[in-house]
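Student: following is a predicted model, sequence given first.
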Amino acid sequence: MQLATWNINSLNVRLPQVLDWLAANPVDVLALQELKLTDDKFPVQAFTDIGYQAQWFGQKTYNGVALLSKAPATDVVKNIPGFEDEQSRVLCATIDGVRVIGAYFPNGQEPGSDKFAYKMRWLEALREWVRAEMASHPQLVLMGDYNITFDDLDVWDPEGLRETIHCTTEERTHLQAIVGLGLHDAVRLFDQPEKNYSWWDYRDFAFRRNRGMRIDHILITDALKARALACVVDKTPRKNERPSDHAPVVLTLD
DNA sequence: ATGCCTCAGCTCCTGAGA
């Protein structure tokens, strides 16, 4: 079984690339973030045509998440139960016996801003909900665009970017608290290339210079760690014409 | 360097992303 996450920065623009990528990488589950379209505009037929079922939770202009899967998705949850939120950021379902949570974590913009405070509230609510989900679903994966780096290894310029957004102690403490529920950073379970990032700024030839950050993550429970065979960042789509600024991350289970 | 791209939209600029 393979599961993947990819922030595609507009499904309208990137649909052909998603279809191409699925043709080359026929994963069992693909979580998408930043659809940037309303539910009525979701191209369900395009996915049905290539053998994928879809769950989606869109929003005008910003955010929006989807779960594509070969097998049916059941017990679907949208956003964090009990957490009032105008923004479409979370989609959860059970697929092939695995509880899958796809999430687009808030960006946070800048420490001290209202958006940063929202990010902190959102992280706390997510953690408590994931704790409850883990209690009833030993096989659980939490994957998506976290908008947080774990540590300096995830950052191309750790000194220059110290305590800036995605790299603050406060964000990393929240991320560690989520890990502390009993989850594992799947990428770090396996040998990786040096400077292994999942996002590169569109500006200043950042991808070519590999000036990036690893902010897209797949966290898995003990039961899934026992099944994990590989976890890689696929930089191939970042080389496309008009790419997303993010690359997919792919987890292989037995 | 409040810069550099890219995308959506009350679209020929602005807000937001990261």
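Tutor: Great, that's in hand. Numbers count the residues shown, from 1 in each chain, chains lettered A, B, ... in the order given.
Student: residue A:116: what's it in contact with?
Tutor: Counting by C-beta atoms under 8 Å, 6 or more residues apart in numbering, residue A:116 touches A:108, A:109, A:110, A:165. Quick note: C-beta positions are derived from backbone N, CA and C, even for glycine.
Student: let me redo that: residue A:125
Tutor: Neighbours of residue A:125 in contact, by C-beta under 8 Å, 6+ apart: A:80, A:82, A:83.
Student: and the closest residue to DNA strand B within the stretch 51-200 of chain A, helix, strand or coil?
Tutor: When distances are taken as C-beta to the nearest atom of the strand, the stretch 51-200 of chain A reaches nearest to DNA strand B at residue A:107, 3.4 Å away. Under DSSP: H, G, I helix; E, B strand; the rest coil, residue A:107 falls in the coil class.
Student: quick one, phi/psi of it?
Tutor: Main-chain torsions, residue A:107, degrees, to the nearest 10: phi -70, psi -50.
Student: quick check, it in contact with residue A:122.
Tutor: No: using C-beta atoms under 8 Å, residue A:107 and residue A:122 do not qualify as a contacting pair, with a distance of 10.8 Å.
Student: looking at the two, which one has more neighbours?
Tutor: Between residue A:107 and residue A:122, residue A:122 has the larger neighbour count (other C-beta atoms under 10 Å), namely 22 against 16.
Student: what's the burial count for residue A:216?
Tutor: Other residues near residue A:216 come to 26 when the count uses other C-beta under 10 Å.
Student: what do you get for residue A:152?
Tutor: 13.
Student: and it, backbone torsions?
Tutor: Dihedral angles phi and psi of residue A:152 (degrees, to the nearest 10) take the values phi -60, psi -30.
Student: look at it and report its pLDDT.
Tutor: With respect to pLDDT, residue A:152 has a value of 97.
Student: touching, it and residue A:161? I think so.
Tutor: No: Residue A:152 is not in contact with residue A:161 according to C-beta under 8 Å; the separation is 9.2 Å.
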